[in-house]
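Novice: Please work out how this folds:
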Amino acid sequence: MSGHAPPDATRDPSAPSPPELVCLGESMVTFLPARPGRLADVPAFTRAIGGAESNVACALAAAGHRARWVGRVGRDGFGDHLVETIAGYGVDVGAVRRDPHRPTGVYFRTATDRAADAHEVVYYRAGSAASAMSPATVPYSSVADARILHLTGITAALSADCLALMRELTAPRPGRPLVSFDVNHRPGLWRRGDAADVLLGLARRADLVFVGADEAETLWGVADPAAVRAVLPEPAGLVVKAGGEGAVLFERPSPRAGTVTRAPAPSADTSTHVPAGGADTATRVPAPGADTATRVPAPGADTVTHVPAPRVDIVAPVGAGDAFAAGFLSGTLRGLDARARLRHGHLMAAAALTVPGDLAFPPARQPHTTPHGAAARRPSWIDHADRLAALDEAAWGTLHLGPGWTVHPGPDQEVRTP
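Specialist: Numbers count the residues shown, from 1 in each chain. Prediction:
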C-alpha cells in the first residue's frame, strides 16, 4: 500500500518509529447500564470509554500495530481516565491536548441496539474539550507521519471548528497519508440538517470510505452497493456494510496513491467477469455463505468483492462498526488481499459484538510495542483470527462465533454449524 510520505533518510534511527495509523476524534467516558431497560429505570451504571476513533486506535494497538490517537479532553478526572485507559491499550497519546476550560464529554446509553426504537443515548458533550478541535488547535504534524489517517463523520458534527479541521485534513496535499473515512452518521448530532451534503463532501475527498447501507439510504436515498458506489465514485476504496448480509468492497488503483490496497486473486469458481459499463456492472449481494469477487477488467474500473458475515451470538449490539474498520485497516496495513481484509473486518466486529462494551479486548497494560516502536510479539488471538480468515468458503459459511472465542480459541470454536 502506498499513499503516505516516503521514509525520511535523515531520521534518527534511535527515535521512536512513527505510527502506522493515526485516529483523530472525540473520545468520551460512557456509562453502561447495569441491566436492560429504560434509562429512567436503570439503577446503576458501569464506567467505560467510548469514541469511534479511539475505539479503532485501541483495537489496532491490541492487534500489535503502532497506533496514535489525537484528541482533546478536559483537564479533569474523566480526561485522566480516558487518556490512561487508551494508553493502556498501547496507543500513543502524546498528541492529546488537555483543555483547562472545557470538560471531557460523557454519555449514558441503554443496552439495546442503536437501531432499535427502544434505544436511548444521552450525550453531555456540548461545549466539550473535543468540540474546540480546529486547524488552529490540532497541528497537521500530529497526523502527517502515519501511513493511514482514520477519521469519522462524528467529528464533523461537533462544531464549525471541527468541520473546518475535517475539511483541512481531507484536502489534497503532497505526501498526505492515506485518508480512511467512516461516515458514521449519528442523526442526533446533526442539528443543522446538512449531514447528507457535508458527509458526502468529506467522503468524496477520502481514499477509503466505510458506510453502512442503512446510513447511505438515510443520507442519500440509496442502499444497493452499486448505487452507493455511483454516489461515491471518487474514493479508490469503498466498503458498503450490510449487517448480517456481509460487506462489499469496491476497489481500484488510486491515481494519487497507486494501489490503495492489494487486490485479491479470486479462484475461478468464485469470480464473475463482467463487461465494463452499463447495467450489467451492478453489484448484487450473493446468497449467504458464499464469497464472491467480481473483477471488472476495464482499465480504472473497480474490483468488487463481497464477503458474508459469520453468525454471531450477540452480547451487546454496539461497537461493531468501529471494530470492522479496525479489522479491515489492520489487514490493509499487513498488505492482505480484499477477501482477507473483509473477513478480518467481520472477525473484529464479531469480537466486539460478543462483549458487553464497545471494545473487544481489555487494556494490555503492557504496550504491544517496544520503547522504539518496533512491533512486539503478536497476540495469540490474531493468529487464531488469521486461521479463521483463511477458511475455505464452505467452512466460512458455517462459522459461528460466541462469547469467549478470542479469549479461549480452540478448534471446537472454529466452525460450528447451527
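
Novice: average model confidence for stretch 16-25?
Specialist: Taken as a whole, stretch 16-25 has an average pLDDT of 94.

Novice: Name the residues of that stretch that come out as buried.
Specialist: Going by neighbour count (16 or more other CB atoms under 10 Å), the buried part of stretch 16-25 is Pro18, Pro19, Glu20, Leu21, Val22, Cys23, Leu24, Gly25. For glycine as for every other residue, the C-beta is placed from the backbone atoms N, C-alpha and C.

Novice: Ok, stretch 72-88 next?
Specialist: Buried residues in stretch 72-88 (16+ other CB under 10 Å): 72-74, 76, 78-79, 81-83, 85-88.

Novice: Need the residues that contact it.
Specialist: For stretch 72-88, the external contacting residues (CB atoms under 8 Å, 6 or more residues apart in numbering) are 26-29, 47, 49, 54, 57-58, 69, 93, 96-100, 102-104, 106, 128-130, 132-133, 137-138, 363-365.

Novice: Can you flag which of those belong to strands?
Specialist: Using DSSP state E, the subset of these located in strands is Met28, Val29, Arg47, Ile49, Trp69, Arg97, Arg98, Asp99, Val106.

Novice: how about the residues you listed in JSON lines, adding neighbour count?
Specialist: Below are these laid out as JSON lines (neighbours: other CB atoms under 10 Å):
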{"residue": "Met28", "neighbour count": "23"}
{"residue": "Val29", "neighbour count": "22"}
{"residue": "Arg47", "neighbour count": "12"}
{"residue": "Ile49", "neighbour count": "23"}
{"residue": "Trp69", "neighbour count": "31"}
{"residue": "Arg97", "neighbour count": "17"}
{"residue": "Arg98", "neighbour count": "15"}
{"residue": "Asp99", "neighbour count": "20"}
{"residue": "Val106", "neighbour count": "17"}
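
Novice: Could you identify the most distant pair in the residues you listed?
Specialist: Arg47 and Arg97 (22.5 Å; CB to CB).

Novice: got the residue ranges for the strands in the stretch 101-250 of the chain?
Specialist: 106-109, 121-124, 148-152, 178-182, 208-212, 237-241, 247-251 (DSSP state E, counting those that start in this stretch).

Novice: Go through these and find the least confident stretch.
Specialist: strand 121-124 (a mean of 87).

Novice: what's it packed up against?
Specialist: Here strand 121-124 touches strand 106-109, going by 3 or more CB pairs under 8 Å, 6 or more residues apart in numbering; DSSP states H and E.

Novice: The strand it packs on packs against which elements?
Specialist: Other helices and strands packing on strand 106-109, by 3+ CB pairs under 8 Å, 6+ apart, are strand 28-33, strand 121-124.

Novice: give me that answer again for 10 Å
Specialist: If contacts are counted by 3 or more CB pairs under 10 Å, 6 or more residues apart in numbering; DSSP states H and E, strand 106-109 sits against strand 28-33, strand 45-50, strand 121-124.

Novice: The residue most central in space within the chain: what's it in contact with?
Specialist: Note on the chain: the residue nearest the mean C-alpha position is Ala325, at 2.5 Å, using CA atoms, centre = their mean. Ala325 makes contact with 23, 52-53, 55-56, 59-60, 150, 152, 180-182, 184, 208, 210, 239, 241, 345, 348-349 under the criterion CB atoms under 10 Å, 6 or more residues apart in numbering.

Novice: if we can go back for a sec, would you mind finding the most buried of the helices and strands packed on strand 106-109?
Specialist: Counting by mean count of other CB atoms under 10 Å, strand 28-33 has the highest mean neighbour count of the helices and strands packed on strand 106-109, with a mean of 21.

Novice: packing partners for that one?
Specialist: strand 45-50, helix 77-88, strand 106-109, strand 121-124.

Novice: Next, the angle from it to strand 45-50.
Specialist: 140 degrees (axes from the mean of the first three to the mean of the last three CA atoms, to 10 degrees).

Novice: Buried residues, the host helix or strand of Ala385. List them.
Specialist: Following DSSP states H and E, one finds Ala385 within helix 380-389. Neighbour-count burial for helix 380-389 flags Trp381, Ile382, His384, Ala385, Asp386, Leu388, Ala389 (criterion: 16+ other CB under 10 Å).

Novice: Considering those, which is situated nearest to Val307?
Specialist: Each of these was checked against Val307 using CB to CB; the closest is Ala389, at 9.7 Å.

Novice: Name the nearest residue to that closest one, ignoring sequence neighbours.
Specialist: Distances taken as CB to CB, 6 or more residues apart in numbering put Arg343 closest to Ala389, at 4.2 Å, once the chain neighbours are dropped.

Novice: Arg387 is in contact with that neighbour, correct?
Specialist: No: applying CB atoms under 10 Å, one finds Arg343 not in contact with Arg387, separated by 11.1 Å.
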